[in-house]
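*Asks:* here is the input, now give the coordinates:
(chains A and B)
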Amino acid sequence: MEIDIIKKQVYSSTEIDRVEGQGIEALKAGSQQVIPDPDEWLEQERKQAEFFEINVLLTSVDFFLNWARRSSLWTVICFPACCAFEFIATSASRFDIARFGMENLRASPRQADLMVTAGTLTWKMAPQVKRIYDQMAEPKWVIAMGACAISGGTFAQSYSVVPGYNRIIPVDVYIPGCPPRPEALLYGIRMLQDKIAKTSNILR
Amino acid sequence: MTIALSGKEVGTKLEEKFPGSIVESSQDSLLVKSEFLLPVATYLKDTPGFDFDYLACITAVDYSDYFEVVYHLTSLERNHSLVMKTRCYGRDNPSLPSVVSLWRGADFQEREIYDLMGINFDGHPNMKRIFLWQGFEGHPLRRDYL
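*Replies:* The predicted structure is shown next:
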């Protein structure tokens, strides 16, 4: 059966598929190692404690900046699978994520600074998630939510699933669970806020 | 409630119309020879009394010796259903006729079967992978994958 001219546009051309496949293969080949977690804040925390003694002004600026950043985390929408429902429950009235200043879910990564990776990531979806992460403005953080986001979970051995988001993007906080309860997600968000509070911006 | 037609009764009627087309038939299903698939499907769709105007589902099973493709047909007009199966042999390049020309809903499902099982559907307008990316090696739902 030939494709009708009028229906031709519903079928993408094979050239697009080939380029997409090459991109996915390249990303997969380049993501065999785990990206180390960004934990330089531990060192910064030590330095901050030292500098607190000599320069009160800078630490106050730090405190103010970190307070502003952590108190209004805007989340980019990256919900590939079922953990999204727990996130939706968390953002709804019962658990009410707005208490922590982050009820805004952004469809645009340019206006977001937190990515909650709620769900299984397949290699076919991975370039898009990486692009969303790359488009987010600094400073930005990532919470890996659920077993799939941490390690691939049940699908870790699968032919099509990325074994953990930290293969393609650096992850700040890991929340275990399949899926995590909303309480666990809130706890993870509080942990991230604590982490942001300890970041030093001036002494970088 | 949708009435499931007996594969035996339908098979007897089809055998009269297309001699040698039915390999076996049971209460639940009927097994059609693959070269008769398209005429039999056309007949089931267009004949008054059958009117299978809706293809609910296509799926495929790997039995190592052969692949079996299962068509779940439904008639919304007469509210009855039928399970039709067909087999294709060979693991290198198995192929079956496509039923997209009859039921457009078969489009994505045949592509899925091609993607995961590696069965080619001759006459499909857009026979390429749907879930996995172009360049993926192998067909992962086959028994001999990995």
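*Asks:* by mean pLDDT, flag the weakest helix or strand of chain A.
*Replies:* helix A:40-54 (a mean of 68; mean pLDDT, DSSP states H and E).
*Asks:* in chain B, which spans are helices?
*Replies:* B:7-17, B:37-46, B:106-117 (DSSP state H).
*Asks:* can you tell me which of the ones you listed comes nearest to chain A?
*Replies:* Closest approach to chain A among the helices of chain B is made by helix B:106-117 (9.2 Å; C-beta to the nearest C-beta). Backbone N, C-alpha and C define where each C-beta goes, glycine included.
*Asks:* for the closest one, buried residues please.
*Replies:* B:106-107, B:109-117 (16 or more other C-beta atoms under 10 Å in any protein chain shown).
*Asks:* and it, how far out from the chain's middle?
*Replies:* Centroid separation for helix B:106-117 versus its chain: 11 Å, with C-alpha atoms, centre = their mean, to the nearest Å.
*Asks:* same for it, what does it pack against?
*Replies:* strand B:54-62, strand B:120-122 (3 or more C-beta pairs under 8 Å, 6 or more residues apart in numbering or on different chains; DSSP states H and E).
*Asks:* name the element the residue of chain A found nearest chain B belongs to?
*Replies:* The nearest approach of chain A to chain B comes at A:G21, 3.4 Å away (C-beta to the nearest C-beta). Under the criterion of DSSP states H and E, A:G21 resides in helix A:14-30.
*Asks:* can I get the CA coordinates of that helix in PDB?
*Replies:* Taking C-alpha atoms only, helix A:14-30 is exported to PDB below (Å, rounded to 0.1, in the frame of the first residue of the first chain):
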ATOM      1  CA  THR A  14      13.700   8.000   7.500                       C
ATOM      2  CA  GLU A  15      16.500  10.500   7.400                       C
ATOM      3  CA  ILE A  16      15.200  12.100  10.600                       C
ATOM      4  CA  ASP A  17      15.100   8.700  12.200                       C
ATOM      5  CA  ARG A  18      18.700   7.900  11.200                       C
ATOM      6  CA  VAL A  19      20.000  11.200  12.600                       C
ATOM      7  CA  GLU A  20      18.100  10.600  15.800                       C
ATOM      8  CA  GLY A  21      19.400   7.100  16.100                       C
ATOM      9  CA  GLN A  22      23.000   8.300  15.600                       C
ATOM     10  CA  GLY A  23      22.500  10.900  18.400                       C
ATOM     11  CA  ILE A  24      21.100   8.300  20.800                       C
ATOM     12  CA  GLU A  25      24.000   5.800  20.000                       C
ATOM     13  CA  ALA A  26      26.500   8.600  20.500                       C
ATOM     14  CA  LEU A  27      25.000   9.600  23.800                       C
ATOM     15  CA  LYS A  28      24.900   6.000  25.000                       C
ATOM     16  CA  ALA A  29      28.500   5.400  24.000                       C
ATOM     17  CA  GLY A  30      29.500   8.600  25.900                       C
END
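*Asks:* burial measure for B:L14, as a count.
*Replies:* Under the neighbour criterion other C-beta atoms under 10 Å in any protein chain shown, B:L14 is assigned a count of 24.
*Asks:* what sits against it?
*Replies:* Contact partners of B:L14, counting by C-beta atoms under 8 Å, 6 or more residues apart in numbering or on different chains, are B:21-22, B:30, B:32, B:40, B:43.
*Asks:* pLDDT score assigned to the residue of chain A closest to chain B?
*Replies:* At A:G21, the pLDDT value in this model is 89.
*Asks:* then the one 4 residues further on?
*Replies:* In the prediction, the pLDDT value recorded for A:E25 is 89.
*Asks:* what about the nearest residue to it once chain neighbours are set aside, neighbour count?
*Replies:* Among residues not flanking A:E25 along the chain, B:G135 sits closest, at 5.6 Å (C-beta to C-beta, 6 or more residues apart in numbering or on different chains). Residues lying near B:G135 (other C-beta under 10 Å) number 14.
*Asks:* B:G135 reaches A:R18, doesn't it?
*Replies:* Yes: B:G135 is in contact with A:R18 according to C-beta atoms under 8 Å; the separation is 7.3 Å.
*Asks:* hang on, A:V61 is in a helix, isn't it?
*Replies:* Yes: counting by DSSP: H, G, I helix; E, B strand; the rest coil, A:V61 is part of a helix.
*Asks:* returning to that earlier point: adding mean pLDDT and distance to A:E25, write the helices of chain B out as CSV.
*Replies:* CSV is the format used below for the helices of chain B (pLDDT from 0 to 100; distance: least, C-beta to C-beta, whole Å):
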stretch, mean pLDDT, distance to A:E25
helix B:7-17, 89, 45
helix B:37-46, 91, 35
helix B:106-117, 91, 16
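*Asks:* now render the ones you listed as TSV, adding distance to A:L105.
*Replies:* Output for these, formatted as TSV (distance: least, C-beta to C-beta, whole Å):
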stretch	distance to A:L105
helix B:7-17	51
helix B:37-46	46
helix B:106-117	30
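*Asks:* residue 28: neighbouring residues, count only.
*Replies:* All of this is about chain A. Neighbours of A:K28 using other C-beta under 10 Å come to 16.
*Asks:* sorry, I should have been clearer: chain B.
*Replies:* If we define neighbours as other C-beta under 10 Å, then B:D28 has 12 of them.
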